[in-house]
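Visitor: mind looking at a prediction? Sequence and model below.
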Amino acid sequence: MIIKLLPGNPCKSALVYFSKSEFLNFGLSGRDLTLQNRKTLLLLEKIFALLEECAGLRRDGHFVCVLCRPLHSGGCRFFIQFTEEPCGRSFDFSHSDNLLDALNQLQRLGKPDIVSRIGIFRSGGTHKIYIPAGLPMTQAEIAALYEYSG
């Protein structure tokens, strides 16, 4: 894998290249690159972790643009652009008890009206909470959501 940071770009961009053999080591091919594919999501998590560790690039609740192009050589190239535009956050809960525990924890942390300000959905056998971009959340509140989700 080769990571190339693009200089002079205020949005902080990077190119990430994978050779054919590296791509196959992840169990992926060009046809497999979809957000529904678990291996693709794991690869993106690894890329984001490396960009944070090596270059200090973090999503921090902002939109990130990811463009992917399979290469003729069998590898793949990702163009990743970190923006300053805030985005909402989504948390998945496997059980309704976990969702309720998370909401109770948020209320204890100072968000008594949280239910009226977020979206709660049931989809694909899981419960989801969507936190809109404009809703300020402390690190403790985000940590509580991560604790109960997953």
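Guide: Yes, it's here.
Visitor: so what's the closest residue to residue 82 other than its chain neighbours up against?
Guide: Leaving aside its chain neighbours, residue 82 sits nearest to residue 12 (4.3 Å; criterion: C-beta to C-beta, 6 or more residues apart in numbering). C-beta: built from backbone N, CA, C; applies to glycine. Residue 12 makes contacts with 57, 81-82, as judged by C-beta atoms under 8 Å, 6 or more residues apart in numbering.
Visitor: out of those residues, which are buried?
Guide: By neighbour count, with 16 or more other C-beta atoms under 10 Å, those hold 57, 81-82 as buried.
Visitor: isn't residue 63 right up against residue 83?
Guide: Yes: counting by C-beta atoms under 8 Å, residue 63 touches residue 83, with 4.8 Å between them.
Visitor: list the buried ones in the one helix or strand in the chain whose mean pLDDT sits lowest?
Guide: When each helix and strand of the chain is scored by mean pLDDT, DSSP states H and E, helix 114-117 comes last, with a mean of 82. Residues of helix 114-117 classed as buried by neighbour count (16+ other C-beta under 10 Å): residue 114.
Visitor: dump that helix to CSV, restricted to CA.
Guide: C-alpha atoms of helix 114-117 as CSV (Å, rounded to 0.1, in the frame of the first residue of the first chain):
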residue,chain,number,x,y,z
ILE,A,114,-32.5,14.0,23.6
VAL,A,115,-35.3,11.8,22.3
SER,A,116,-37.1,14.7,20.6
ARG,A,117,-33.8,15.9,19.0
